[in-house]
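Engineer: sequence? don't have it. structure:
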């Protein structure tokens, strides 16, 4: 899985490409979790090139949400394929992760 | 190898309530009316076609599984389901010269030991109960459970001979030709999974376990232990979301079991240790969502996922 990271003003954008599972979740965790601190609390995850997410990937995202919660931060998902959205629904995680259509909508929502 | 579930519920025995039973009766009556079934033969055929969740129960007794292999009688855990298993053994197996009964304990939390004071075969002096545990001081733990302050019959008043073996972690022992391996699991106070290999078939029992780090480096040993299992009984007490919020409570979810099963090439996955706060229909919803998850993430792998249900027998 490729993780491309951009920072525009004070918003981090992580674009994930490939599969987020037990083989790749550790790599994302190493990049995502340390990036969160009291000065960096706005994160967009762009899933447009993500094909698949397993429980290991969900676990990392929850870890990020939990850490962000300590700082009153936000994590928005965008461009999520219907199958992946259904995985979030099955896992009961839709109330935790706001999902919007595209990065622009994510930026709008995170700045609200 | 034959496997039978005598207790499948987690944490505490959970009898069905009158309201839950009434709800099932109403649903059945409505279906019989809608289908215009009349004669008792038609109605009985319909009832026989229904799953346990609709016409019976998933079960309210806590963890207990019977395994028969190579003419050996092996039991995993002594939850409240052990009482009914004991009644069955006393009726169908008991011999005047006595029985050897091998009991493996994942751990000694109440829901895994409370059946023993009611285990009929333990009162037959000619029987020998062989206990195996990864934990130390098992005899003392069972004696405390039957201290007079908590139960009127002391352990030593149960007449069967009792032998206690503390298992070395990650080791294997043989009973006849049945190989039984153990594997430490993450749970408050520790828990152990067991794997039976017999006659080219394998059965893994992995309950009361939490998996906090699901990255491949951390789960390799679990995958090896589960590898190629014909049946994996897995702790699915929580939904994925609940498991996150109940960190360090020591339980897991079906989704994690499905991902492990794929990686370990497990043939059949039984969801086990059902949450006592859920009724049968809610537990069945977890099964249906689990199957959806498998279909979405692993469309080319239709390995079987099912609910461990009291009374269910499986032949491997």
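Structural biologist: Received it, and whenever you're ready, just let me know what you need. These figures come from a predicted structure and were not determined experimentally.
Engineer: okay, CA-based contacts and neighbour counts for the rest of this
Structural biologist: Will do.
Engineer: So which residues on the stretch 201-316 of chain B come close to chain A?
Structural biologist: By the criterion of Cα under 8 Å from any Cα of the partner chain, the positions of the stretch 201-316 of chain B lying close to chain A are B:213-216, B:239-241, B:244, B:255-256, B:259, B:289-290, B:292-293, B:296-297.
Engineer: Quick one: buried ones out of these?
Structural biologist: The neighbour-count criterion (16 or more other Cα atoms under 10 Å in any protein chain shown) marks B:214-216, B:239-241, B:244, B:255-256, B:259, B:289-290, B:292-293, B:296-297 among those as buried.
Engineer: So among these, where is pLDDT lowest?
Structural biologist: The lowest pLDDT within those belongs to residue B:244, which sits at 82.
Engineer: Contact partners for that residue?
Structural biologist: For residue B:244, the contact set (Cα atoms under 8 Å, 6 or more residues apart in numbering or on different chains) comprises A:59, A:62.
Engineer: host element of it?
Structural biologist: Assessed by DSSP states H and E, residue B:244 sits inside helix B:240-245.
Engineer: got it, and residue A:87?
Structural biologist: In this structure, residue A:87 is located in helix A:82-90 according to DSSP H and E.
Engineer: what packs against that helix?
Structural biologist: Contact analysis of helix A:82-90 by 3 or more Cα pairs under 8 Å, 6 or more residues apart in numbering or on different chains; DSSP states H and E lists strand A:42-53, helix B:280-297 as its packing neighbours.
Engineer: The very next helix or strand once past the helix holding residue B:244 to helix B:280-297, inter-axis angle?
Structural biologist: Later in the chain than helix B:240-245, the nearest helix or strand by DSSP H and E is helix B:254-264. For helix B:254-264 against helix B:280-297, the angle between stretch directions is 40 degrees (axes from the mean of the first three to the mean of the last three Cα atoms, to 10 degrees).
Engineer: thinking again about what came up before, buried set for the helix holding residue A:87?
Structural biologist: A:83-88, A:90.
Engineer: I figured residue A:7 was touching residue A:13, is that so?
Structural biologist: Yes. Here residue A:7 reaches residue A:13: they are 6.1 Å apart, a contact under Cα atoms under 8 Å.
Engineer: Which residue of those two possesses the greater neighbour count?
Structural biologist: Neighbour count, other Cα atoms under 10 Å in any protein chain shown: between residue A:7 and residue A:13, residue A:13 has more, with 23 against 12.
Engineer: and the more buried one, what pLDDT?
Structural biologist: Per-residue confidence for residue A:13 comes out at a pLDDT of 97.
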